[in-house]
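Visitor: Sequence and predicted structure are below.
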Amino acid sequence: MDFAADHFSLFGLPAAFRLDPLLLDQRYIELQTQVHPDRFASAGEGARRLSQQWATRVNEAYQTLRKPLPRARYLLELARHDVGSENNSAMPTDFLVEQMEWREAVAEARAAGDHHELERLHHRLQRELAARQEEIAALLDEQRDLEQAADRVRRLMFQEKLLSEIDDAIAAGEE
């Protein structure tokens, strides 16, 4: 194995946003079986250390590829295209207003203890996330429009943070 290989090459997968999660899981298990430190418990210190480094590398690559947002960011990184996540002022006003409206709706539902409304918001946002991920897939895999893909990734970052806030509100209501 090559330490310099990108995550996709490490798993023997094409560098694309759309990937087969079952194949990724299968390759992860295969690689972990090869490099897991337990296999090298009786080996020399150098082999054990190398095994630990490979196991860490495989885990990091897997964690990046298994979730859409880190995978999209990684693809942009491979293409040497900055996501520009520090510059949220570049976000369109209508999107930022929409995010404020979402947050207000979540705050109101949370304050009212309206678990059903929080669940409804959660499901609606999950549908929007799925649509956003499809948009990113088309931009990265088919159109190779890195600028638009970076914009959609920034939007996805906002939406995933919002989904986490909704999940937290739901969990707080269940306690």
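Guide: Perfect, thanks for sending it.
Visitor: Near Val49, how many other residues are there?
Guide: Not quite, residue 49 is Arg, not Val. If you count neighbours by other C-beta atoms under 10 Å, Arg49 ends up with 13. C-beta coordinates here come from the backbone N, C-alpha and C atoms, glycine included.
Visitor: residue contacts, it?
Guide: Arg49 makes no contacts at all, as judged by C-beta atoms under 8 Å, 6 or more residues apart in numbering.
Visitor: Can you give me the separation between it and Leu139?
Guide: Distance of Arg49 to Leu139, given as C-beta to C-beta, to the nearest Å: 41 Å.
Visitor: For the residue nearest to His122 when sequence neighbours are not counted, which three-state class applies?
Guide: Among residues not flanking His122 along the chain, Ile166 sits closest, at 4.9 Å (C-beta to C-beta, 6 or more residues apart in numbering). Judged by DSSP: H, G, I helix; E, B strand; the rest coil, the three-state class of Ile166 is helix.
Visitor: Tally up the residues packed near Ile166, please.
Guide: Residues lying near Ile166 (other C-beta under 10 Å) number 23.
Visitor: which stretches of the protein have low pLDDT?
Guide: The chain contains residues with pLDDT under 70 at 87-89.
Visitor: Nearest the geometric middle of it, what residue?
Guide: In the chain, the residue lying closest to the centroid (C-alpha atoms, centre = their mean) is Leu69, at 2.9 Å.
Visitor: Tell me which residues touch that one, please.
Guide: 153, 156-157, 160.
Visitor: Next, format these as CSV and append distance to His122 and neighbour count.
Guide: Shown next, in CSV, are the contacts of Leu69 (distance: C-beta to C-beta, whole Å; neighbours: other C-beta atoms under 10 Å):
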residue, distance to His122, neighbour count
Val153, 22, 24
Leu156, 16, 20
Met157, 18, 16
Glu160, 12, 16
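Visitor: farthest-separated two in those?
Guide: Val153 and Glu160 (10.3 Å; C-beta to C-beta).
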